[in-house]
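J.: Here is a sequence with its predicted model. Questions after.
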Amino acid sequence: MVDLSTKYLGLNLKNPIVASSSPLSKKVENAKRLEDAGAAAVVMYSLFEEQITHESTALDHFLNRGTESYAEALTYFPEMEHYYVGPERYLELIQSLKKVLEIPVIGSLNGVSAGGWINYARKIEQAGADALELNIYSLPTDPEVPGNQVEDEYISLVASIRKEISIPLSIKLSPYFSSLAHFASRMVKAGANGLTLFNRFYQPDIDIDQLEVVPDLVLSDPGDMRLPLRWVAILNGRLDADLALSSGVHSGEDILKAVMAGANAVMLTSELLRSGPGRTQEVLDEVKALMVKLEYESITQMHGSMSQKSVADPAAFERAYYMKTLTSFDNKL
């Protein structure tokens, strides 16, 4: 019997498979199906900074509207269900999940500013979350703002949230930094216990008939795993933080590749959205079968075995293999 257990963010996981942030976590019954199928932890769908600030603005409007009128005009007070939405229900869902699930529940905050919304990190902890994942989803578009200013703002944000909570904190990064390894190191020094590589920025499309910019959700495919796989392998052992691989994970083989590169946890999303929570058990069975075939006894044994610091040719993860990769097609032409 192979040992699939691992540790991520100080949490003991029964295997490396984590159901990452998706609509599946919006319902308790779906989260329970993920647990029953073998998921070792679940990351909740993101609570957005905009949701919190919108609720605060709306509440202020409702509570102050009509204050100049007669005291008897009680109809000016808002009906609770009209504004008591979003953030508070998110916290209630965490509490509900903790009552039903035995696996860790990881909250998710999505934002970029240093506003009062970061106080919700503490509220998420108080609601019972075992850890928090901060999803920094920002696209700097001002040509006058230099990259170091953007990075400094992110570091300040992480440090501010670290002060708010005592539970483990993971940062979901994008790959779009000029010196990703250095920036990752700064994140850890600012208080991150883990890094999730990578955040997928959903790209808009253009509807040429309606002349509109439209949202377009494209689920990942296995090829999307190459980029995070490379960087997990490069960062493994260089940072005092756990690593989670996200994007392009669809099979048991993908799980093992991620672990061999150095991932402590592997995020599964698109495959679950396509096939449903039950797919988790199938992927887990694939992992077990491959481990037996490759004669691995435990996840710990294979962890980081193919990272940059462990392989015979570390240059395979760097520029040295760029020309070799291109010339590999010469004999096929």
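T.: Received it, and whenever you're ready, just let me know what you need.

J.: From residue 174, how far off is residue 196?
T.: Using CB to CB, to the nearest Å, one obtains 10 Å as the distance from residue 196 to residue 174. From N, CA and C alone the C-beta is placed, and that goes for glycine too.

J.: Between the two, which has more neighbouring residues?
T.: residue 196 (28 against 16; other CB atoms under 10 Å).

J.: and that one, what pLDDT?
T.: Per-residue confidence for residue 196 comes out at a pLDDT of 98.

J.: do the same with residue 266
T.: In this model, residue 266 carries a pLDDT of 98.

J.: What distance do you get for residue 252 to residue 160?
T.: 39 Å.

J.: okay, the two: which has more neighbours?
T.: Just comparing residue 252 and residue 160: by other CB under 10 Å the higher neighbour count belongs to residue 252, 19 against 16.

J.: All the helices of the stretch 151-300 of the chain, residue numbers only.
T.: 180-190, 226-235, 252-261, 270-275, 279-293, 299-302 (DSSP state H, counting those that start in this stretch).

J.: Serialize these to a markdown table and add fields for distance to residue 241.
T.: Conversion of the helices of the stretch 151-300 of the chain to a markdown table gives the following (distance: least, CB to CB, whole Å):
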| stretch | distance to residue 241 |
| --- | --- |
| helix 180-190 | 5 |
| helix 226-235 | 9 |
| helix 252-261 | 15 |
| helix 270-275 | 25 |
| helix 279-293 | 24 |
| helix 299-302 | 18 |
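
J.: Now tabulate those helices in CSV and tack on mean pLDDT and distance to residue 245.
T.: Formatted as CSV, the helices of the stretch 151-300 of the chain follow (pLDDT from 0 to 100; distance: least, CB to CB, whole Å):
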stretch, mean pLDDT, distance to residue 245
helix 180-190, 97, 14
helix 226-235, 96, 5
helix 252-261, 98, 4
helix 270-275, 94, 13
helix 279-293, 97, 14
helix 299-302, 97, 13
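
J.: And these: which comes nearest residue 206?
T.: Of all these, helix 270-275 sits nearest to residue 206, with 23.4 Å by CB to CB.

J.: Now that closest one: buried residues?
T.: 270, 271, 272, 273 (16 or more other CB atoms under 10 Å).

J.: Please apply the same query to stretch 231-242.
T.: 231, 232, 233, 234, 235, 236, 239, 241, 242.

J.: For that stretch, list the C-alpha coordinates in CSV.
T.: Presented in CSV, the C-alpha positions along stretch 231-242 are these (Å, rounded to 0.1, in the frame of the first residue of the first chain):
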residue,chain,number,x,y,z
TRP,A,231,8.9,27.1,-11.9
VAL,A,232,8.0,24.7,-9.2
ALA,A,233,11.1,22.7,-10.1
ILE,A,234,13.2,25.8,-10.1
LEU,A,235,11.9,27.1,-6.7
ASN,A,236,11.8,23.8,-4.9
GLY,A,237,14.3,23.9,-2.0
ARG,A,238,15.2,27.5,-2.5
LEU,A,239,12.4,29.1,-0.5
ASP,A,240,11.2,28.5,3.1
ALA,A,241,7.6,27.9,1.8
ASP,A,242,5.4,25.2,0.4
